[in-house]
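Asks: Attaching a predicted model along with its sequence, questions to come.
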Amino acid sequence: MVQLAILGSTSRIAKDLICSLAQKHPSLALFSRRPDELAAWGREQHLPGTVQSLGYERFQDGAFDAVLNFVGSGDPARTAAIGSSILDITHEYDDLALTYLRRHPQTRYLFMSSGAAYGRTFLRPAQAYTQAEFPINGLSATDFYSVAKMYAECRHRALADAAIVDIRIFNYFSRTSDIAARFFMTDIVRAIANGEVLKVSEAPMRRDFLAPVDFAHLIDCVLRADPVNMAIDAYSKAPLEKFELLARMREEFSLRFEVVPAPPVVISTGAKPEYFSENRRAEMLGYHPTFSSIEGVVMEVRALFKQLGTVRG
């Protein structure tokens, strides 16, 4: 039976994956700073009894085939608030995993990186040849998250013999998303739920939203593939354009929106009009997504409102 360890198990994307993995890999060790709360959540989700919720002090004593690291802020407002601390947080838990790998060199390590590792500039989608860019003489708080991910990836490439895959996640939305968080998609969902008019700028924007089922498929592909040391970008079957998304949300869920001069927004990693990737390196590991961005978003928003007991559209 494959033994998996998940660091940062309280994050929403980790919880989505845990619910999926538990069906195929019931032997999961979930590590967090609040193991009792996580255990209670696991019981609510009816996870198998073989799923353990543990504190980080137990991590080095385990025997794992793979370690998945989800530690890091997933909320733009929180990322901006913690500032440079994200550098220390990312390094601390990455080092925890790398220390384990040095003692157990056959273990695989999946590190959840970010598209932000490319830097601030996304005037066009990332490609296989895209270089990371940082204003080295003018770093600001918006750069710390990006630098933390980039530095972790550098450490991983330096360990060429270790089975480490960095997965750069650009945009992810699911039915379990915290609609109080400051993302464009959660702003849309809040406006629908509250019957409010969403104010948007006329600036064009394209995004690629990864659906939970495709993310789980990507993780499964990495775990099944031969051990490699590389970074891959996560992607859906097709990206979407901002006004395509708004029109579809209006059609499906009666969203009301108004185009206004650009409002102040929380952009924790810098403005990115084309924040997605066309780098299909993950195909080397057998990954082929099922859903396009618009299909995944509609599916998850519909499920979210069903969970809330709210009929929309």
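Replies: Sure thing, it's come through.

Asks: remind me which residues of the chain are low pLDDT?
Replies: 1, 73-77, 263-271, 310-313 (pLDDT under 70).

Asks: Quick check, central residue of it?
Replies: Central residue of the chain (CA atoms, centre = their mean): Ile169, 4.8 Å from the mean position.

Asks: Please report how far that one lies from Gln307.
Replies: According to CB to CB, to the nearest Å, Ile169 and Gln307 sit 23 Å apart. (Glycine included, C-beta is placed from N, CA and C.)

Asks: Across the sheet, point out what pairs with Leu54.
Replies: Applying DSSP bridges to Leu54 gives these bridge partners: Phe31.

Asks: Let me know how buried it is, in neighbour terms.
Replies: Other residues within reach of Leu54 by the criterion other CB atoms under 10 Å amount to 18.

Asks: and what of Ala63?
Replies: Other residues within reach of Ala63, judged by other CB under 10 Å, total 9.

Asks: give me every residue that touches it.
Replies: Shown in contact with Ala63 (CB atoms under 8 Å, 6 or more residues apart in numbering): 3, 104.

Asks: Go again with 6 Å.
Replies: Contacts for Ala63 were tallied using CB atoms under 6 Å, 6 or more residues apart in numbering; there are none.

Asks: Quick check: chain neighbours aside, which residue is closest to the residue nearest to the centre of the chain?
Replies: Counting by CB to CB, 6 or more residues apart in numbering, Ile169 lies nearest to Ala234, which is 5.0 Å off, once chain neighbours are set aside.

Asks: Contact partners for the one you found?
Replies: Going by CB under 6 Å, 6+ apart, Ala234 touches 167, 169, 210, 218.

Asks: Return the member of the residues you listed nearest to Tyr145.
Replies: Ile169 (12.5 Å; CB to CB).

Asks: Show me what that closest one bridges to in the sheet.
Replies: Ser114.

Asks: mind checking the end-to-end distance for stretch 248-259?
Replies: By CA to CA, to the nearest Å, the extent of stretch 248-259 from end to end equals 16 Å.

Asks: same check, this time on stretch 233-252
Replies: End-to-end distance (CA to CA), stretch 233-252: 30 Å.

Asks: likewise stretch 58-68?
Replies: Per CA to CA, stretch 58-68 runs 15 Å from first to last residue.

Asks: Stretch 238-257 too?
Replies: Stretch 238-257 has an end-to-end distance of 24 Å (criterion: CA to CA).

Asks: who's in contact with it?
Replies: So stretch 238-257 is in contact with 188, 192, 197-198, 200, 205-206, 208, 276, 292-294, 298, 312-313, going by CB under 6 Å, 6+ apart.

Asks: Can you say which of the residues you listed are buried?
Replies: 188, 192, 198, 200, 205-206, 208, 276, 292-294, 298, 312 (16 or more other CB atoms under 10 Å).
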